[in-house]
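Asker: what follows is a protein structure lacking sequence information:
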DNA sequence: TTATTTCGAACCGTTGCGTCTCGTTATCTA
DNA sequence: TAGATAACGAGACGCAACGGTTCGAAATAA
């Protein structure tokens, strides 16, 4: 999630004692990634991660609250989760670039499955759900908000009249997540164009 | 799910032996509903259901594959899951009625939470996921398909040009599910009107 | 050096799972 | 009516994983 604060150290204050092992951290994330791809989320256990990473369970519990948090960090490390947000000059261009970058992210089956598992765990574990929402879902909304804010700043007509920024985000991310969670159809270029047809009226 | 076939009986052929206890079936579904509302999906266990229902665990395992299937039946029993699909004469009217009925369904927090839990379990347990998709998600798509098919049969201009029926469904259900799963905002009348503004171009 | 912290490893008790076995009860068939 | 059959409640069983604890060793800052 955030490469946890872990044990209490109030600030960047240097403290005595052994430092956190970077090797173990990497081994844990790699083990979580491997086990997930092999056995799915149901087969992912803290004990299994510890065994494959060659570390003790305590080393995991010290730095992550749940196995979902471990998986989230593993995902963030494997696939870069940031989006460039290049300014193409037009709302339609920006939106197309945003959708393309988002699709590229959720392209590989491994990443897709991880996102599904994390969204699922977010429903069942309320505490993790709050972390997942603020650390991932809200950030994606904010990114799209930049695109929409630019369009408004340019004075572009914007998308459909009477459509709030919030609802545009719901439509975009909702359609994406629904495809991933429910229909399991691929996120292809055709969907990009159809979403643009709905949300960017500048053409048709 | 389907009030399971349970043990193998090839057809409606009468068989010897004791019949299934309708009292136990009802008690199990009621217990599952109660425990879920009290303790959430994480607190829902087969042993807990059996204890509250006053039955043996075997009686549950005989008729349902997983606790998610029990919860699905409990949900189906508590809230009627069918939608009227009245023909209002226009595409916009039909769509508005469909959305209103769908929203009314997911209105109560209990039902919302159950849907979240079932969607989550569908991600983690692939076998249940397939049952959930065919027995619930696909049926909702089919219902909306009736509305869209009527519009086409009437020769109505339909929604946005270049928008496939499949994508319209993805947008509608995607937005709804995303609100429930991710933002947790209520499904209000304002969202109905905004979706209509996007998908029913007959006005604006 | 000394105090502090993390490390790998192992050991708990607890919980829930899924299967199995009782003896009982209900229902169909002969 | 008698016997076969199947679901019933109840509970025991082994198994897996959880979450927490303890241990000595290793690493690091004061």
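Answerer: Perfect, I can see it now. Just so it is clear, the model here is predicted, and its values are computed rather than measured.
Asker: okay, the residue nearest the centre of chain A: pLDDT?
Answerer: For chain A, the residue lying nearest the average C-alpha position, counting by CA atoms, centre = their mean, turns out to be residue A:136 (4.7 Å). The model reports residue A:136 with a pLDDT of 95.
Asker: where does it sit: helix, strand or coil?
Answerer: Under DSSP: H, G, I helix; E, B strand; the rest coil, residue A:136 falls in the helix class.
Asker: kindly report the same for residue A:161.
Answerer: What three-state DSSP gives for residue A:161 is coil.
Asker: show the backbone phi and psi for it.
Answerer: Dihedral angles phi and psi of residue A:161 (degrees, to the nearest 10) take the values phi -60, psi 140.
Asker: is it true that it touches residue B:201?
Answerer: No - at 11.3 Å, residue A:161 does not count as touching residue B:201 under the criterion of CB atoms under 8 Å. The way it works is simple: take the backbone N, C-alpha and C, and place the C-beta from them, glycine included.
Asker: who has more neighbours, the two?
Answerer: Each of residue A:161 and residue B:201 has its neighbours counted (other CB atoms under 10 Å in any protein chain shown); residue B:201 has more, 18 against 9.
Asker: quickly note the distance from that one to residue A:147.
Answerer: Residue B:201 sits 24 Å away from residue A:147, going by CB to CB, to the nearest Å.
Asker: again with residue A:90
Answerer: Distance, residue A:90 to residue A:147, using CB to CB: 11 Å.
Asker: out of those two, which sits in the busier spot?
Answerer: The neighbour count for residue A:90 versus residue A:147, taken as other CB under 10 Å, is higher for residue A:147 (23 against 15).
Asker: you'd agree the more buried one is up against residue A:98?
Answerer: Yes - at 5.4 Å, residue A:147 counts as touching residue A:98 under the criterion of CB under 8 Å.
Asker: return every residue with contacts to both of these two.
Answerer: Residues touching both residue A:147 and residue A:98 by CB atoms under 8 Å, 6 or more residues apart in numbering or on different chains: residue A:85.
Asker: let me know the pLDDT of residue A:82.
Answerer: At residue A:82, pLDDT is 69.
Asker: kindly report the same for the one 3 residues further on.
Answerer: Listed pLDDT for residue A:85 reads 83.
Asker: quick one: the residue of chain A found nearest DNA strand C from chain B, how far?
Answerer: Across chain A, the shortest distance to DNA strand C (CB to the nearest atom of the strand) belongs to residue A:17, at 2.0 Å. From residue A:17 across to chain B, the span is 35 Å (CB to the nearest CB, to the nearest Å).
Asker: which ones are touching that residue?
Answerer: Taking CB under 8 Å, 6+ apart, one finds nothing in contact with residue A:17.
Asker: secondary structure class for it?
Answerer: What three-state DSSP gives for residue A:17 is coil.
Asker: how close does it get to residue A:25?
Answerer: Distance from residue A:17 to residue A:25, counting by CB to CB: 17 Å.
Asker: same deal with residue A:19?
Answerer: 11 Å.
Asker: who has more neighbours out of these two?
Answerer: Comparing residue A:19 with residue A:25 by other CB under 10 Å, the one with more neighbours is residue A:25, at 19 against 6.
Asker: how about that one, nearest residue that isn't a chain neighbour?
Answerer: residue A:63 (7.2 Å; CB to CB, 6 or more residues apart in numbering or on different chains).
Asker: hmm, residue A:171 is touching residue B:174, no?
Answerer: Yes - between residue A:171 and residue B:174 there is a contact under CB under 8 Å: 7.4 Å.
Asker: which phi and psi values does residue A:90 adopt?
Answerer: phi -130, psi 160.
Asker: so it is in contact with residue A:155, correct?
Answerer: No - using CB under 8 Å, residue A:90 is not in contact with residue A:155; the gap is 12.0 Å.
Asker: so where's chain A uncertain?
Answerer: The model of chain A has pLDDT under 70 over residues A:1-14, A:81-82, A:157-159, A:202-204.
Asker: go again with 50.
Answerer: A:1-11, A:203-204 (pLDDT under 50).
Asker: which bits of it sit near DNA strand D?
Answerer: Counting by CB under 7 Å from any atom of the strand, chain A comes close to DNA strand D at A:14-19, A:43, A:45-48, A:56-58, A:61, A:66-67.
Asker: now the buried members of these.
Answerer: Among these, those scoring as buried are A:46, A:48, A:66-67 (criterion: 16 or more other CB atoms under 10 Å in any protein chain shown).
Asker: just the helices in chain A please.
Answerer: For chain A, applying DSSP state H gives helices covering A:22-39, A:46-53, A:57-63, A:67-78, A:91-105, A:109-124, A:126-132, A:138-154, A:165-178, A:189-199.
Asker: so which of the ones you listed is nearest residue B:196?
Answerer: The closest of these to residue B:196 is helix A:165-178. By CB to CB, the value is 11.5 Å.
Asker: show me what that closest one is packed up against.
Answerer: Under the contact definition 3 or more CB pairs under 8 Å, 6 or more residues apart in numbering or on different chains; DSSP states H and E, helix A:165-178 sits against helix A:138-154, helix A:189-199, helix B:165-178, helix B:189-199.
Asker: most packed of those?
Answerer: The highest average neighbour count among the helices and strands packed on helix A:165-178, using mean count of other CB atoms under 10 Å in any protein chain shown, belongs to helix B:165-178 at a mean of 22.
Asker: near residue A:126, how many other residues are there?
Answerer: By other CB under 10 Å, the residues close to residue A:126 number 10.
Asker: who's in contact with the residue nearest to it when sequence neighbours are not counted?
Answerer: With sequence-adjacent residues excluded and distances taken as CB to CB, 6+ apart, residue A:126 is closest to residue B:40, at 7.8 Å. Each residue near residue B:40 by CB under 8 Å, 6+ apart is listed here: A:124, A:126, B:113, B:117.
Asker: if I look at the third one, how far off is residue A:117?
Answerer: Same thing as residue B:113. Per CB to CB, residue B:113 is found 19 Å from residue A:117.
Asker: so those two - more neighbours on which side?
Answerer: Neighbours per residue, other CB under 10 Å: of residue B:113 and residue A:117, the larger number sits with residue A:117, 23 against 16.
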